[in-house]
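**Student:** I need the structure of the sequence given here:
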Amino acid sequence: MARHPWLRGLAVVLACAAAAAIAGPAGAAPAAPGPPTGGTEPIPAPSVPVDVAELAAGTLAAQVQASLADTVVVGDGVGDMSAVPDWSGDLAVGAVHQLYRFATEWIWGDAITAPVVANQEWLAPLILDGTPVGAVRVWLPDGTAEMAGFDDNAVLGASLEELDPSVILIEDAVAARWYSLVGDMLTPVRASSAPQQITAPITLGTARSMLYPGEYSEDGQTWPAAAIQITLVVVLAAAVPAAMTVSALRRRRQARVR
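**Tutor:** Here you go, the predicted model:
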């Protein structure tokens with residue numbers, strides 16, 4: 001008979017956990033359907049409030065230039081200022097695009113009203129002497145349109161200038177990727193020279209399985225399989241050494257008693 005029967009029970013538990021980590025969560029259908037894509041309500045069309053449009057057509061470009069000038073003055077003689085762009089020429093703000101994000105329910109595969117949600121933020125290309133050089137963001141922190149920030153991403157600026165502002169523009173802030181949505185078709189909007197996860201127009205359903213892979217139960221709920229499996233692996237990695245340590249301590253204690 002084993003001197004430590006609790007170890008046998010632990011071994012059984014660990015074996016079951018290992019099997020679960022490999023096989024995935026119990027109850028997941030092997031050929032389960034993908035997540036809902038269209039939603040039960042239409043997606044609101046992009047809109048630009050009057051004060052956002054007035055800011056973009058008025059002082060927004062000057063605010064960007066003033067911010068750059070302040071950066072140069074503050075950093076004068078301190079560090080390398082070569083990274084600060086020189087936009088002292090004819091800087092203009094292009095067409096304004098309302099920003100959307102993927103709905104949390106769509107990401108997790110739950111029942112949804114719409115796959116994307118409109119944000120109270122807007123993005124426009126910055127054009128210097130006729131050439132896109134970056135993008136500027138506007139928001140409504142207290143109900144009044146204000147510049148939220150800008151950057152010198154010329155690739156994104158060029159993509160924004162080419163994109164029809166009536167098309168839905170989606171920002172995936174976590175992955176730092178951008179997409180346009182027309183009907184059920186999702187198209188990547190290039191914002192860098194890095195390889196794109198999606199390179200051609202695809203349906204929302206296909207995009208969901210690529211961008212947020214998971215397993216689906218029979219009722220369509222998403223199982224975060226990767227997270228569950230990783231957690232189980234971590235538990236296994238911690239439990240085995242702990243069991244070995246406890247067993248060794250008990251053996252030493254028994255040896256002292258004898």
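
**Student:** Where do the strands of the stretch 1-150 of the chain begin and end?
**Tutor:** Assigned strands in the stretch 1-150 of the chain, in chain order: 91-93, 97-102, 116-128, 131-139, 146-151 (criterion: DSSP state E, counting those that start in this stretch).

**Student:** Need these in TSV (columns: mean pLDDT, mean neighbour count and distance to Thr199).
**Tutor:** (C-beta placed from N, C-alpha, C; glycine too.) Shown next, in TSV, are the strands of the stretch 1-150 of the chain (pLDDT from 0 to 100; neighbours: other Cβ atoms under 10 Å; distance: least, Cβ to Cβ, whole Å):
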stretch	mean pLDDT	mean neighbour count	distance to Thr199
strand 91-93	98	19	30
strand 97-102	98	22	19
strand 116-128	98	21	20
strand 131-139	98	21	22
strand 146-151	97	16	24
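
**Student:** Select, out of those strands, the one closest to Tyr212.
**Tutor:** strand 97-102 (8.2 Å; Cβ to Cβ).

**Student:** quick one, that closest one and strand 131-139 angle?
**Tutor:** 70 degrees (axes from the mean of the first three to the mean of the last three Cα atoms, to 10 degrees).

**Student:** Using CSV, write down the CA coordinates of strand 97-102.
**Tutor:** Once non-C-alpha atoms are left out, strand 97-102 reads as follows in CSV (Å, rounded to 0.1, in the frame of the first residue of the first chain):
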residue,chain,number,x,y,z
HIS,A,97,-14.3,59.6,-40.2
GLN,A,98,-16.3,58.4,-37.2
LEU,A,99,-14.6,55.5,-35.3
TYR,A,100,-16.3,52.2,-34.5
ARG,A,101,-15.1,49.2,-32.4
PHE,A,102,-16.0,45.5,-32.4
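
**Student:** Which elements pack onto it?
**Tutor:** In terms of contact count using 3 or more Cβ pairs under 8 Å, 6 or more residues apart in numbering; DSSP states H and E, strand 97-102 is assigned the packing partners strand 116-128, strand 168-172.
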